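Novice: sequence first, predicted coordinates after that:
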Amino acid sequence: MERRTTEAALIPALQLLSYLIIALGALFMAFKAGSLPASRWEPMSAGTFPQIIFSSITILCGMAIIFEFFKHGLPRTSFYIACKKLIALKAVIINLVLFTVYMTAMPIAGFITSTFIYLLTTQLYLAPRTSTNIVIATFVAILFSAGPYYLFSEAFNIYLPRAQW
């Protein structure tokens, strides 16, 4: 194995971390898919296909972790370099946190409300705050929160989560 600087060793460390996060998320979603309702007329439940997909993602990420570990060994980097690089990813991390809050709030606040707040907050965070951008962001948030809700409910008869208050 070759010696690398602490900054160059950060890339394999972040790859391992991303594989681990994706594997854990897919494993969680595979368990959640098992709680989907079963049909009396179909041999497999509605959650069987998502369980197969998420289980496959978990297995592939596990294999990727093993291959990365054998390819690069244990990642060696300093905490300072890792923090410096993570600060450079501030927009990505904040967007991930906002998305997590959005997904957590959707069963309580409903699809329209949570989607509107998520889209508006994300757009206002990422775009410069001019009066034109605020109007456009509000319009886009209204359009993409109410539009899909009514499309799914009226055209497909699929009802997205409603507010529980």
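Specialist: Right, received. Where do you want to start?
Novice: okay, the helix or strand bottoming out on mean pLDDT in the chain in CSV with CA atoms only?
Specialist: Every helix and strand of the chain was ranked by mean pLDDT, DSSP states H and E. The lowest is helix 79-88, at a mean of 75. Provided in CSV are the C-alpha atoms of helix 79-88 (Å, rounded to 0.1, in the frame of the first residue of the first chain):
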residue,chain,number,x,y,z
PHE,A,79,-9.6,15.6,12.0
TYR,A,80,-8.7,19.2,11.0
ILE,A,81,-8.5,18.2,7.3
ALA,A,82,-11.7,16.3,7.5
CYS,A,83,-13.5,19.2,9.1
LYS,A,84,-12.1,21.6,6.5
LYS,A,85,-13.4,19.5,3.7
LEU,A,86,-16.8,19.0,5.3
ILE,A,87,-17.2,22.8,5.7
ALA,A,88,-16.6,23.0,1.9
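Novice: what is that helix packed up against?
Specialist: Under the contact criterion of 3 or more C-beta pairs under 8 Å, 6 or more residues apart in numbering; DSSP states H and E, helix 79-88 touches helix 10-33. (Glycine included, C-beta is placed from N, CA and C.)
Novice: alpha carbons of the helix it packs on, as CSV, please.
Specialist: Output for helix 10-33, consisting of C-alpha atoms alone and laid out as CSV, is shown next (Å, rounded to 0.1, in the frame of the first residue of the first chain):
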residue,chain,number,x,y,z
LEU,A,10,-9.8,11.7,2.9
ILE,A,11,-11.4,10.7,-0.4
PRO,A,12,-11.4,6.9,0.4
ALA,A,13,-12.7,7.7,3.9
LEU,A,14,-15.6,9.7,2.5
GLN,A,15,-16.3,6.9,0.0
LEU,A,16,-16.4,4.4,2.8
LEU,A,17,-18.7,6.7,4.9
SER,A,18,-21.0,7.3,2.0
TYR,A,19,-21.3,3.5,1.2
LEU,A,20,-22.1,2.9,4.9
ILE,A,21,-24.8,5.6,5.0
ILE,A,22,-26.4,4.4,1.8
ALA,A,23,-26.3,0.8,3.0
LEU,A,24,-27.9,1.7,6.4
GLY,A,25,-30.5,3.8,4.7
ALA,A,26,-31.4,1.0,2.2
LEU,A,27,-31.6,-1.5,5.0
PHE,A,28,-34.0,0.8,6.9
MET,A,29,-36.1,1.2,3.8
ALA,A,30,-36.1,-2.6,3.2
PHE,A,31,-37.6,-3.0,6.7
LYS,A,32,-40.1,-0.2,6.1
ALA,A,33,-41.2,-1.7,2.8
